[in-house]
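**Q** Output the structure for:
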Amino acid sequence: MARIGIIGVGEIARAMVEGLCAGEGAPPEIFLSPRGAGTAADLAGCHPTVRVCSGNQDVIDRATLIVLAVRPGQCAEALAGLTVPADRVVVSVVAGVAIDEVRRTLGTAAPVVRAIPLPAVRSRTSVTVVCPDHPAAAALFGTLGGALPLADEASFNVFSALTGTITSHYAYLATLTEWAAGQGIPAEDADQYLRSLFQDVGRALGDGSRPLPRLVADHETPNGSNERVRTTWFDEKNADALKETLDALLAHLGGAGQRTPDSLDANNSR
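**A** Residues are numbered from 1 along each chain as shown. Below is the predicted model:
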């Protein structure tokens with residue numbers, strides 16, 4: 001595998017490093033920037049192929065594949081003045097920053113690929129969306145659970161919007177816990193039960209042979225409790241409100257107006 005350099009060592013970078021070092025084969029050489037110094041030092045202390053570099057340019061000089069994992073607001077400052085040779089591959093996991101903007105900031109002719117790695121890359125169980133397809137990015141994320149290549153950034157922005165629903169799921173579970181506590185159930189008991197309940201839901205999602213609407217039907221009894229909650233709370237009005245929220249997020253991410261019916265048909269035919 002390529003020598004991997006990571007600029008910006010936060011939670012996603014930690015998950016990537018731990019996933020890359022967790023396999024049965026020999027882990028790759030990984031070079032970390034001193035940004036997020038505590039996390040970088042901790043990872044280097046735990047994994048013998050991980051080193052902390054003296055600076056961001058040092059990362060680029062040592063690695064062949066560069067992962068940009070800084071926060072969006074730190075991107076210009078962190079990348080200013082760096083020289084990225086054309087023979088490197090840049091993988092940007094910086095949310096909301098387009099490929100052209102990354103390339104302009106770096107002033108490089110090197111290939112730039114966007115990606116959305118999730119924390120589950122730590123356990124090599126999460127598919128990672130990448131745009132555009134590139135062999136080096138496919139190899140990197142193939143090791144971490146799989147790569148899902150997309151043809152254009154408009155499609156990428158749709159997946160980025162979907163990613164923005166994660167904490168709403170956690171807040172939904174927290175609301176259920178609060179409701180149970182209001183009924184006199186100890187909060188810790190409700191918390192334990194809900195975690196167990198929805199961990200099993202996660203296992204059901206692992207069955208890729210059943211489409212999501214089929215999972216809904218398989219988990220409902222006609223006129224039963226699940227159907228009652230779904231049809232009285234998560235009704236068509238609430239479903240439309242969720243879609244409107246995602247439409248607004250997509251516009252914020254730069255995806256509004258980029259996907260015409262013709263482009264959707266072309267993507268669906270691939």
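**Q** how far away is residue 147 from residue 84?
**A** 22 Å (Cβ to Cβ, to the nearest Å). The way it works is simple: take the backbone N, C-alpha and C, and place the C-beta from them, glycine included.
**Q** Show me the shaky parts of the protein.
**A** For the chain, the stretches with pLDDT under 70 are 1, 255-270.
**Q** So residue 13 versus residue 94, what's the distance?
**A** 12 Å.
**Q** okay, and the common contacts of these two?
**A** Residues touching both residue 13 and residue 94 (Cβ atoms under 8 Å, 6 or more residues apart in numbering) are residue 69.
**Q** show me where the protein has helices.
**A** Listed in chain order, the helices of the chain (DSSP state H) span 11-20, 37-46, 56-62, 75-79, 99-106, 135-143, 153-163, 166-182, 187-205, 212-218, 225-232, 236-253, 261-268.
**Q** So which elements touch the fourth one?
**A** By that I understand helix 75-79. helix 99-106 (3 or more Cβ pairs under 8 Å, 6 or more residues apart in numbering; DSSP states H and E).
**Q** Let me know the angle separating the helix it packs on from helix 153-163.
**A** 100 degrees (axes from the mean of the first three to the mean of the last three Cα atoms, to 10 degrees).
**Q** domains of the chain?
**A** Per the record, the chain has its domains at 4-150, 166-253, by automatic domain parsing.
**Q** Quick check: end-to-end length of the last one?
**A** Criterion Cα to Cα, to the nearest Å; first-to-last residue distance in domain 166-253 is 17 Å.
**Q** Stretch 3-14 too?
**A** 16 Å.
**Q** that older thread, which one of the helices of the chain lies closest to residue 116?
**A** Of all those, it is helix 153-163 that lies closest to residue 116, at 5.6 Å by Cβ to Cβ.
**Q** Would you indicate which residues of the closest one are buried?
**A** 153, 154, 155, 156, 157, 158, 160, 161 (16 or more other Cβ atoms under 10 Å).
**Q** Run through the neighbouring helices and strands of it.
**A** Using 3+ Cβ pairs under 8 Å, 6+ apart: helix 153-163 touches strand 112-116, strand 128-131, helix 236-253.
**Q** ranking the domains of the chain by burial, who's on top?
**A** Mean neighbour count (mean count of other Cβ atoms under 10 Å) peaks for domain 4-150 among the domains of the chain, with a mean of 19.
**Q** what's the first-to-last distance across that one?
**A** End to end - Cα to Cα - domain 4-150 spans 22 Å.
**Q** Tell me how far stretch 217-234 lies from the chain's centre.
**A** With Cα atoms, centre = their mean, to the nearest Å as the basis, stretch 217-234 stands 30 Å off its chain's centre.
**Q** What of stretch 60-73?
**A** The mean C-alpha position of stretch 60-73 is separated from the chain mean by 16 Å, Cα atoms, centre = their mean.
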